[in-house]
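K.L.:
Provide a 3D model corresponding to the input given below.
(one chain, ligands or ions: 1)
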Amino acid sequence: MEITTTPIAGLLVITPKVFRDDRGYFLETFNIKKLEEAGINTSFVQDNESKSTQGVIRGLHYQLNPYAQGKLVRAIEGTVYDVAVDLRKDSPTFGQWYGVELSGENKKQFYIPRGFAHGFSVLSETAVFAYKCDAYYHPEAERGIRFDDPELNVDWKVDVQKAVVSAKDEASVSFAKAEYNF
Ligand SMILES: Cc1cn([C@H]2C[C@H](O)[C@@H](COP(=O)(O)OP(=O)(O)O[C@H]3O[C@H](C)C(=O)[C@H](O)[C@H]3O)O2)c(=O)[nH]c1=O
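P.N.:
Below you'll find the predicted structure:
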């Protein structure tokens, strides 16, 4: 398993070792000991999965403290562009975003600690997205920032004007008006 740091402290890209043979492939998708060795010390309590079609953008979402969620995300099938936005008020990279392409092919995973907004766009015809959260879903604590916020200026690698988004995401507030407590 290869761990790559990013320009935003805490965000890590994990590339598991894939064992391929004439039957197909095998990889460990989750190993607490190896994550701890990489400095990821948290307890995941909930697994999520979603399927989306090309051009969908889900996000930018987060839960307020005390229900903030750290996430370990990956694409099981298809290709997504996964984005995390630093909302930690004392962070030198506050308001900055980092994105990484995750796919069923590259098997990469993205670790996003608490204090970030998260979202992804779908680059392939469909994508099955799976992720672990280290806190339970608390809808009352959930908040969203508009995916097309001009101040954040996220490059989703898709035509944002034609993005397929939920009514909830369409109604999200701007970064300037967002509420956060990290
Ligand atoms: C997140 C979540 C949702 N739900 C229910 C609530 C809705 O009735 C339905 C769809 O939820 P939503 O439209 O919020 O799903 P996404 O837009 O994929 O939201 C996720 O998208 C971005 C990428 C994230 O990082 C978050 O984990 C999460 O906010 O599932 C649950 O029952 N449990 C949950 O943990």
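K.L.:
taking the centroid of the protein, which residue is nearest it?
P.N.:
Nearest to the centroid of the C-alpha atoms of the chain, with distances taken as Cα atoms, centre = their mean, sits His118, at 4.7 Å.
K.L.:
who in the chain is up against the ligand?
P.N.:
Residues of the chain lying close to the ligand by Cβ under 6 Å from any ligand atom are Asn48, Ser50, Arg58, Gly59, His61, His118, Gly119, Phe120, Tyr137, Ser166, Lys168. Any C-beta I mention is one placed from the backbone N, CA and C, and that applies to glycine too.
K.L.:
quick one, what contacts the nearest residue to the first one once chain neighbours are set aside?
P.N.:
What it means is Asn48. In this structure, Asn48 finds its nearest non-sequential neighbour in Tyr131, 5.4 Å apart by Cβ to Cβ, 6 or more residues apart in numbering. Counting by Cβ atoms under 8 Å, 6 or more residues apart in numbering, Tyr131 touches Asp47, Asn48, Glu49, Lys71, Leu72, Val73, Arg74.
K.L.:
would you turn those into TSV with neighbour count, distance to Glu125 and secondary structure?
P.N.:
Listed next are the contacts of Tyr131 as TSV, based on neighbours: other Cβ atoms under 10 Å; distance: Cβ to Cβ, whole Å; DSSP: H, G, I helix; E, B strand; the rest coil:
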residue	neighbour count	distance to Glu125	secondary structure
Asp47	11	24	strand
Asn48	13	21	strand
Glu49	9	18	strand
Lys71	24	24	strand
Leu72	22	25	strand
Val73	22	20	strand
Arg74	23	18	strand
